[in-house]
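Undergrad: I'd like to go over a predicted model; first the sequence, then the structure.
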Number of protein chains: 2
Amino acid sequence: MSNAKVLPLLEADGQGVAPCCPPLTERPMTAEEAETAARMFKALGDPVRLRLFSAVASHEGGEACVCDISDVGVSQPTVSHHLKKLKEAGLLTSERRGTWVYYRVEPSVLAAMGRLLIGASAAA
Amino acid sequence: MSNAKVLPLLEADGQGVAPCCPPLTERPMTAEEAETAARMFKALGDPVRLRLFSAVASHEGGEACVCDISDVGVSQPTVSHHLKKLKEAGLLTSERRGTWVYYRVEPSVLAAMGRLLIGASAAA
DNA sequence: CACCTGTATTGATGAGCGTCAACATAGACA
DNA sequence: TGTCTATGTTGACGCTCATCAATACAGGTG
């Protein structure tokens, strides 16, 4: 379950990821850019997913076991489904270590999204 | 068509708006915070809306007439529908001036969203 | 091997959303 | 007043999505 290339919205360069699009305020986005960036926002556009993402992001080391974060009021399959969506959006990566699966925030993703919203100054 | 209190996600204080939630990475979001913030991300989670929003945000003065931005490949009613959604999410405000309706980016919204993603440093 | 716990997948269901055509409304102008 | 343009609203259709119960899979322990 290595997740080599599941980053549709931020193209991987050598290390980390490069932003997909210029800041929202720089110029009107093209259809392709919008398609790409919207996938990212859409992934965070569900309350349960946002809580799961925040739980991972705020956990020690930006990493958490599913068992640490699955108390969000929905069934276990639903939690798994949402984590998969976040992974497909390139916001999280996962790794199995023994019995448990750990999810981790793709670090440069937050900076890239921030840059998209407020322009420069979003340091990694 | 003044839009006094259509800001569900950022509570208005005296001037501008205050962030609804702490940064994603600070602590796990509560259900209420997630509900609020997800509405914001959801509004940007559609490619057409994202293009419309970017078109307004990048227009001179952060303001644009509908006629300036409605060339996004969907029908006029659909454009109107999406602009309404962005307005309901508190991302845009609108004002009629004569024949045309102008949409404007709620300025502190971008900073607030940026702060939510990357923590501090997102100055207004 | 069998059994248990943690996580993912499948299939179904109901709600929500994006889209359009048709129509309605607002303002400008003659 | 009537007419034209710009924008908003209504109603309907098809599709996507969030959710769950049931099931499958993986890894540990005995």
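TA: Ah, there it is. Numbers count the residues shown, from 1 in each chain, chains lettered A, B, ... in the order given.
Undergrad: let me know the outermost residue of chain A.
TA: Distance from the C-alpha centroid of chain A peaks at A:Arg27, with 24.4 Å (CA atoms, centre = their mean).
Undergrad: so how far is B:Leu83 from that one?
TA: Look at A:Arg27 and B:Leu83: by CB to CB, to the nearest Å, they are 19 Å apart. Just so you know, the C-beta spots here come from the backbone N, C-alpha and C atoms, and that holds for glycine as well.
Undergrad: remind me what the strand or helix carrying A:Ala112 packs against, helices and strands.
TA: For A:Ala112, the host element (DSSP states H and E) is helix A:107-118. Judged by 3 or more CB pairs under 8 Å, 6 or more residues apart in numbering or on different chains; DSSP states H and E, helix A:107-118 is in contact with helix A:31-43, helix B:107-118.
Undergrad: ok so, going back, and the residue farthest from the centre of chain A, how far is that from A:Leu50?
TA: Relative to A:Leu50, and taking CB to CB, A:Arg27 is found at 28 Å.
Undergrad: so which residues on chain A come close to DNA strand C?
TA: For chain A, the residues in contact with DNA strand C (CB under 7 Å from any atom of the strand) are A:65-67, A:70, A:76-77, A:79-81, A:83-84, A:94, A:99-101.
Undergrad: please report the number of neighbouring residues for the closest residue to A:Gln76 other than its chain neighbours.
TA: Leaving aside its chain neighbours, A:Gln76 sits nearest to A:Ser70 (6.6 Å; criterion: CB to CB, 6 or more residues apart in numbering or on different chains). By other CB atoms under 10 Å in any protein chain shown, 19 other residues sit near A:Ser70.
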